[in-house]
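Peer 1: got a predicted structure plus its sequence, pasted below:
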2 protein chains.
Amino acid sequence: MLKDFKGSKDEDSSALKAEIRALRERLLAQQQLVRDQKLPVIVLVEGWAAAGKGSLINELISEIDPRFYNVVSPVVLPEKEERYPFLYQYARAIPENGKIMFYDSGWMEGAVRKFLRRDITKKQYKERVRSVNEFERQLRDGGYLILKLFLHIDQDEQRKRLNALRENYETEWRVTEDDLWQHREYKVFRETYDEFMEQTGKTVKWHILDGDKKRQAARDALRLLVEMIDKGLENGRYVGKPFSEKFPLLKMQKLSEVDLSPSLDDEEYRRELKKLQKRLGELHNTIYRKKIPVILCYEGWDAAGKGGNIRRIARPLDPRGFDVMPIASPEPHELNRQYLWRFWTRLPRSGHVCIFDRTWYGRVMVERLEGFCSEDDWKRAYNEMNEFERQLTDWGAVVIKFWIHIDQDTQLARFTDRQNTPEKQWKLTEEDWRNREKWPQYEEAIDEMLQKTSTENAPWYIIESNDKKYARIKTLKIVIKALEKACEGQL
Amino acid sequence: MLKDFKGSKDEDSSALKAEIRALRERLLAQQQLVRDQKLPVIVLVEGWAAAGKGSLINELISEIDPRFYNVVSPVVLPEKEERYPFLYQYARAIPENGKIMFYDSGWMEGAVRKFLRRDITKKQYKERVRSVNEFERQLRDGGYLILKLFLHIDQDEQRKRLNALRENYETEWRVTEDDLWQHREYKVFRETYDEFMEQTGKTVKWHILDGDKKRQAARDALRLLVEMIDKGLENGRYVGKPFSEKFPLLKMQKLSEVDLSPSLDDEEYRRELKKLQKRLGELHNTIYRKKIPVILCYEGWDAAGKGGNIRRIARPLDPRGFDVMPIASPEPHELNRQYLWRFWTRLPRSGHVCIFDRTWYGRVMVERLEGFCSEDDWKRAYNEMNEFERQLTDWGAVVIKFWIHIDQDTQLARFTDRQNTPEKQWKLTEEDWRNREKWPQYEEAIDEMLQKTSTENAPWYIIESNDKKYARIKTLKIVIKALEKACEGQL
């Protein structure tokens, strides 16, 4: 706790120097091993304004090979300028395997400062605290080593330092209005920092360093880092165990119970399509103005008609305000990071629509069945994806997930048609045939996925697509209803 | 020319419909071939406010598979909010091989609007026109197919449309102050658009479409697109021929003539290092405040001491304001785009320092010698890289390039040392030994590179690094001198 933090005693400076040198050498020697074992490392440096976070990081990296680390300095924007979910800029910056990422302040500052500035409500703040815990746990369970440091100085020391900076023309600009405000509100900040650390210290511990004693703080940070890495190297890459949080789940039909007979005749289809697309175009205007982010997720059997369905949704949208994100197998730089990273980085700005053509649910379908991840990994994923989506809906996003469904006979007919139609052949691959052979295993995985991840905030809809026209109309109606609801809720 | 543009006659609507349908089918059939042949396609849609650019793009994409295209809508920021070079947001968005990227307005709007708004001077505007020509030629020479469209309406029609939009509550917000200003200044805009199209129409032709006739414009655009792709498919991927523009080049020493004996004793080194690092730290403050971007490029023999040299530069810098970018072999998603793309996307924000640990010059060294690109490709690259760097210095960046130089004996000694020192072994790979065998070929390539790409705005410096201490001090001095000069030039 900052409240009763006892400063550390002055240590002998030459002994300290020797200690730092020795720790740096150990860190240097660890580089190669961290790379070989592909351990990703996160060092979060939080602390008071003028506590010396930048200098501390500089001490830590001074001897490390630049290929081995990066530093990010996330900016705390005013809430109204934020176009992405709270954790976006932190999640984007996670290191790839074998590297260290230093965060020069991060999610603690992002949450606390906004709360104290009354940019966000108490409720939102609590949601952020929860999402921080989820984020850290997910990274830890994905094999990330995380060190969280808080660099502490007391109010007197802060005053001295801020004054010193302001007295010098060269450094004056470094003191921001926000820093002065923090200084005036030192006590409130301290209480909130303490509370935040208490609430987020269970999964990954916090370490408070004495910012008064620069060299000692550097030594302490180095030691903590070296020890964490040693332990990580010794134990090998951690894989988190699955567990289930109690998300309020919607009851879903089993695929085998779905009646696939519904269909629409051409005339009705065209009439409805026209009407619904017009309505969707209007709503797109509104969500754009109200800055509501919309995330539409498409999963479905091969040849179920995802592409055509997506096109009918996209047709009335202003191309300035939407993107279709086709998700293929992950590329090497994506495989080198936690599996949700490539979705974090593809999120839409607020007010935009993003249509994912396949999604993060690949984790519990193809990755599960093909053994691309461990059993613990995919079993953990249900919960992690529920958390991820709740973070998106906390942000204000509309999240809807479609399972485009057909039966095996229909798939065969469509495959055969693709095979026989030159312009469609590219759509049919060997892999499609191989997947088809595993229909029963996939069906089991999909049923499990639908049961475990259909939440009230991010529900699944099974779309009967033996008749593609019926499927398109049903999808459009669902999207429209959700957007109407979202628009109502806001001014 | 817009000035004497004759509107097109009304056509029979059912014939038009049939024609559009037929063109769309051709485009659909082309998808697969464009993917197979890995052709990247750029469609730039420029035009007047309210001319219907968005709708036109929507017509074009309405039947295309979403995996096949993307749409970007670059924003024209006020110049003072721009943190990246002019072409940055356009270069970032170029499509990967086998895909189409639609630009919903682009570099024409970016240049013209800023010029008319007096955000940039006439001189800067001319530089931008030149850089647009360079950019388009580089993409074309790299195999990109580029279609440039301008959607035209006259001033009366624009007035009608803007009024119609403003009268409706749902669409009112779409009309911006900028649009109204364009309308008032219609004539000036028209002249400048005309001039811009004339000056940028040689490498890649402009096509003016009649925005008055929506369907006809869509048909024309579709036809142009389909014909361009057909031609591209027929001729195969284009590889531009090398040519040399007359850049004012600095005379460079040949590597074999460099005297590698200079050295520094420990004491002098430490004294100088301390003094210079202090100065560099101060200058970092200043360039940060003055928003000067700094790009330091490191190339050099394996084991020449790049890493240690970079660390001495990085040491005094505030980690919030700099990044080291280690450049390894390109990843698949990078190989799928023009070769400079992975450097465009890594450029620093203004006011930040970016240290490239290896650079775009890999093109004329390893890629040349290992045959990773064609002879035309690497021969063209000297000029392209000069242009790229001039675009960076036009932006205001300080660009400095270091060749860290040692002789063969020194390299052997350092390789042997690495081999015998466990903590250093990771630095030495099989590839290093293979490269060493090609020393003479590399030396020839490097000499050619130094001769052809050392420009006044982005000079090369050969750093004698048989003695690493000497090398570090020399590098620091060069950086400091360049930053001092850059800071002087500004308020």
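Peer 2: Here it is on my side, so go on.
Peer 1: against A:Ser263, how distant is the closest residue in space to A:Lys38 that isn't next to it in sequence?
Peer 2: Distances taken as CB to CB, 6 or more residues apart in numbering or on different chains place A:Asn97 nearest to A:Lys38, at 3.8 Å, with adjacent residues excluded. For the C-beta atoms, the positions are set from N, CA and C on the backbone; glycine is no exception. When CB to CB, to the nearest Å is applied, the distance between A:Asn97 and A:Ser263 equals 49 Å.
Peer 1: okay, those two: which has more neighbours?
Peer 2: A:Asn97 (18 against 14; other CB atoms under 10 Å in any protein chain shown).
Peer 1: and the stretch 251-400 of chain A, which residues reach chain B?
Peer 2: The stretch 251-400 of chain A has residues A:282, A:285-286, A:289, A:307, A:310-311, A:314-315, A:317-320, A:323-324, A:326, A:331-333, A:355, A:357 near chain B, with proximity defined as CB under 8 Å from any CB of the partner chain.
Peer 1: filter the residues you listed to the buried ones?
Peer 2: For these, a neighbour count by 16 or more other CB atoms under 10 Å in any protein chain shown gives the buried set as A:285-286, A:307, A:310-311, A:314-315, A:317-320, A:323-324, A:326, A:355, A:357.
Peer 1: next up, the contacts around whichever residue of the stretch 351-491 of chain A sits closest to chain B.
Peer 2: Residue of the stretch 351-491 of chain A nearest chain B, by CB to the nearest CB: A:Trp426 (3.7 Å). Residues in contact with A:Trp426, defined by CB atoms under 8 Å, 6 or more residues apart in numbering or on different chains, are B:Gln31, B:Gln32, B:Arg35, B:Asp36.
Peer 1: from the residues you listed, pick the one nearest A:Glu367.
Peer 2: Nearest to A:Glu367 among the contacts of A:Trp426: B:Arg35, at 24.6 Å, using CB to CB.
Peer 1: is it correct that A:Gly321 is in contact with A:Arg349?
Peer 2: No - assessed by CB atoms under 8 Å, A:Gly321 is found out of contact with A:Arg349, at 9.2 Å.
Peer 1: the more surrounded of these two?
Peer 2: A:Gly321 (19 against 14).
Peer 1: and the more buried one, what does it touch?
Peer 2: Contacts of A:Gly321 by CB under 8 Å, 6+ apart are A:His284, A:Tyr288, A:Gly351, A:His352, A:Val353.
Peer 1: please report which of those residues has the highest neighbour count.
Peer 2: Highest neighbour count within the contacts of A:Gly321: A:Val353, with 26 neighbours (other CB under 10 Å).
Peer 1: pretty sure it contacts A:Thr286?
Peer 2: No - counting by CB under 8 Å, A:Val353 stays clear of A:Thr286, with 11.9 Å between them.
Peer 1: need the pLDDT of A:Leu491.
Peer 2: Note for A:Leu491: predicted pLDDT of 48.
Peer 1: to clarify, my last question referred to A:Gln425.
Peer 2: A:Gln425 carries a pLDDT value of 80.
Peer 1: how about the one 4 residues further on?
Peer 2: As predicted, A:Thr429 sits at a pLDDT of 87.
Peer 1: any idea how far A:Lys254 is from B:Arg128?
Peer 2: A:Lys254 is 60 Å from B:Arg128, by CB to CB.
Peer 1: again, but for A:Ala15
Peer 2: A:Ala15 is 59 Å from B:Arg128, where distance means CB to CB.
Peer 1: next: A:Ile480.
Peer 2: Taken as CB to CB, the span from A:Ile480 to B:Arg128 is 43 Å.
Peer 1: so which of the two has more stuff around it?
Peer 2: The neighbour comparison of A:Ile480 against B:Arg128 (other CB under 10 Å) goes to B:Arg128, with 26 against 17.
Peer 1: element containing the more buried one, please.
Peer 2: According to DSSP states H and E, B:Arg128 maps onto helix B:122-141.
Peer 1: so what does that helix touch, helix or strand wise?
Peer 2: Helix B:122-141 sits against helix B:107-116, strand B:145-152, helix B:186-199, helix B:375-395, with contacts defined as 3 or more CB pairs under 8 Å, 6 or more residues apart in numbering or on different chains; DSSP states H and E.
Peer 1: mind checking how far the one helix or strand A:Thr286 maps to is from the chain centre?
Peer 2: Secondary structure assignment for A:Thr286, by DSSP H and E: helix A:266-289. How far helix A:266-289 lies from its chain's middle: 31 Å, per CA atoms, centre = their mean, to the nearest Å.
Peer 1: correct me if wrong, but the residue nearest to A:Lys38 is in a strand.
Peer 2: No - A:Asn97 is assigned coil when assessed by DSSP: H, G, I helix; E, B strand; the rest coil, not a strand.
Peer 1: what sits against it?
Peer 2: Shown in contact with A:Asn97 (CB under 8 Å, 6+ apart): A:Lys38, A:Leu39, A:Pro40, A:Asn336, A:Arg337.
Peer 1: per-residue confidence at the closest residue to the last one other than its chain neighbours?
Peer 2: Put plainly, it is A:Arg337. With CB to CB, 6+ apart as the criterion, A:Arg337 has its nearest non-adjacent residue at 5.3 Å, and that residue is A:Glu96. pLDDT recorded at A:Glu96 is 95.
Peer 1: ok, A:Glu96 - how many residues close by?
Peer 2: For A:Glu96, the count of nearby residues is 17 (other CB under 10 Å).
Peer 1: pretty sure it is in contact with A:Gln338, am I right?
Peer 2: No - counting by CB under 8 Å, A:Gln338 is not a contact partner of A:Glu96; they are 9.8 Å apart.
Peer 1: chain A: strands as residue ranges?
Peer 2: Applying DSSP state E to chain A gives strands spanning A:41-47, A:69-72, A:100-104, A:145-152, A:206-210, A:294-300, A:322-326, A:353-357, A:398-405, A:460-464.
Peer 1: in CSV: those, plus distance to A:Ile20 and mean pLDDT.
Peer 2: Converted to CSV, these look like this (distance: least, CB to CB, whole Å; pLDDT from 0 to 100):
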stretch, distance to A:Ile20, mean pLDDT
strand A:41-47, 16, 98
strand A:69-72, 17, 91
strand A:100-104, 17, 96
strand A:145-152, 16, 98
strand A:206-210, 14, 97
strand A:294-300, 47, 98
strand A:322-326, 47, 91
strand A:353-357, 47, 96
strand A:398-405, 48, 98
strand A:460-464, 54, 98
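Peer 1: buried stuff in the helix holding B:Arg128?
Peer 2: Along helix B:122-141, these residues count as buried under the neighbour rule (16+ other CB under 10 Å): B:124-125, B:127-141.
Peer 1: before we move on, what about stretch A:450-470?
Peer 2: Buried residues in stretch A:450-470, counting neighbours by 16+ other CB under 10 Å, are found at A:450-455, A:458-470.
Peer 1: one more: stretch A:340-354?
Peer 2: Buried residues in stretch A:340-354, counting neighbours by 16+ other CB under 10 Å, are found at A:Leu340, A:Trp341, A:Arg342, A:Phe343, A:Trp344, A:Leu347, A:Pro348, A:Ser350, A:Gly351, A:His352, A:Val353, A:Cys354.
Peer 1: got the CA positions of that stretch in CSV?
Peer 2: C-alpha atoms of stretch A:340-354 as CSV (Å, rounded to 0.1, in the frame of the first residue of the first chain):
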residue,chain,number,x,y,z
LEU,A,340,-6.8,-12.8,-29.6
TRP,A,341,-4.2,-10.2,-30.7
ARG,A,342,-5.0,-10.4,-34.4
PHE,A,343,-8.6,-9.6,-33.5
TRP,A,344,-7.8,-6.8,-31.1
THR,A,345,-5.8,-5.1,-33.9
ARG,A,346,-8.7,-5.5,-36.3
LEU,A,347,-11.4,-3.9,-34.2
PRO,A,348,-13.4,-1.0,-35.8
ARG,A,349,-13.3,2.6,-34.7
SER,A,350,-16.4,3.6,-32.8
GLY,A,351,-19.2,4.5,-35.3
HIS,A,352,-17.9,1.9,-37.7
VAL,A,353,-19.2,-1.5,-38.7
CYS,A,354,-16.8,-4.4,-38.8
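Peer 1: perfect, that will be all.
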